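Trainee: How does the following fold in three dimensions:
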Amino acid sequence: MSQTVLVIAAHPDDEVLGCGGAIARHAARSDRVHVAILAQGLYSRGEPTDAEVAALRSASEKASAILRVASLDLLDYPDNRMDTVARLDVTQTVEQLIATHRPSVVYTHWAGDVNVDHRRIHEAVVTACRPQPGHPVETLLFFEIASSTEWQPPGSAAPFLPNWFIDISATLDAKLSALQAYAAEMRPWPHARSLQAVEHLARWRGASVGYEAAEAFVLGRQRLGQQ
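Mentor: Numbering: from 1, shown residues only. I've put the predicted structure just below:
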């Protein structure tokens, strides 16, 4: 039976870094995957040109096409300033996305990332996914983002200790191809957000559980629907 999946990410490329292989795997199984990117992605670096904004939007659309995403929402919350936005506003945005798509699976950021936008979105998603009667979300998963999750020093926040692994042996190439669409956001090796580092991480996560490649998550909640 096919599922409806919603990925809620902070910035363009986070959806691919965090769960691009899982997205492609879902799509290959005829699941409908919807992606929402909440923050702008450029404005913390200075006022971008129209061409830069258009190029980043095009990159997001190209990456989504590679991963066979059913729909892509690009919102305009302030980049790296989501701590200046009322949490209720972000939560209501997430609630509207859930009401629109009615997903049974939601992927989003881990709570302990260095990036403040990641942390604020995590909080909003957790609030919006309260397990109230009739709520559609049955599985809530938190992903890691190379160059944010592992950069948090020990003791500064909850560590990312994955307990859920998805085999992406067959979809790692799609993930890497989608990241190539975001070439302007990637960095040269040995930066953690390089193609080589992302592949090494996938190989290590896979080796941790006996797969050729995997993505790792922390399970926030899982509940079985009525049979």
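
Trainee: Buried by neighbour count: which residues of whichever strand or helix holds residue 204 qualify?
Mentor: Element membership for residue 204 (DSSP states H and E) is helix 195-209. For helix 195-209, a neighbour-count test (16 or more other Cβ atoms under 10 Å) marks 195, 197-199, 201-203, 205-206 as buried. Bear in mind the C-beta positions are built from the backbone N, C-alpha and C, glycine included.

Trainee: Are there helices or strands packed against the helix or strand following that helix, and which ones?
Mentor: Under the assignment DSSP H and E, the closest C-terminal helix or strand after helix 195-209 is strand 214-222. The contact analysis (3 or more Cβ pairs under 8 Å, 6 or more residues apart in numbering; DSSP states H and E) places strand 214-222 against helix 14-28, strand 139-143, strand 164-167, helix 195-209.

Trainee: Sheet-wise, list the partners of the helix or strand following the first one with their directions.
Mentor: Okay, so that is helix 14-28. Next along the chain after helix 14-28, taking DSSP H and E as the criterion, comes strand 32-39. Neighbouring strands of strand 32-39 in its sheet, by DSSP bridges, are strand 4-9 (parallel), strand 71-77 (parallel).

Trainee: for the lowest-mean-pLDDT helix or strand in the chain, packing partners?
Mentor: Across the helices and strands of the chain, mean pLDDT, DSSP states H and E gives its lowest value to helix 50-67, namely a mean of 94. When contacts are defined as 3+ Cβ pairs under 8 Å, 6+ apart, helix 50-67 packs onto helix 14-28, strand 32-39, strand 71-77, helix 172-181.

Trainee: That one: which residues count as buried?
Mentor: Counting neighbours by 16+ other Cβ under 10 Å, helix 50-67 gives 56, 59-60, 63-64, 66-67 as buried.

Trainee: what about stretch 158-171, average pLDDT?
Mentor: When pLDDT is averaged along stretch 158-171, the result is 98.

Trainee: Would you mind measuring the gap between the ends of that stretch?
Mentor: Stretch 158-171 stretches 29 Å from its first residue to its last (Cα to Cα, to the nearest Å).

Trainee: Give me the contact list for that stretch.
Mentor: For stretch 158-171, contacts defined as Cβ atoms under 8 Å, 6 or more residues apart in numbering pick out 19-22, 24-25, 28, 110-112, 141, 144, 149-150, 152, 175, 202, 205-206, 208-209, 211-219.

Trainee: For those residues, which ChimeraX command selects only the ones that are buried?
Mentor: A single ChimeraX command selects the buried members of the contacts of stretch 158-171 (16+ other Cβ under 10 Å):
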select :19,20,21,22,24,25,110,111,112,141,144,149,152,175,202,205,206,211,213,214,215,216,217,218
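
Trainee: before we move on, back to that, what is the most widely separated pair among the buried residues of helix 50-67?
Mentor: Among the buried residues of helix 50-67, the pair separated by the greatest distance (Cβ to Cβ) is 56 and 67, at 16.7 Å.
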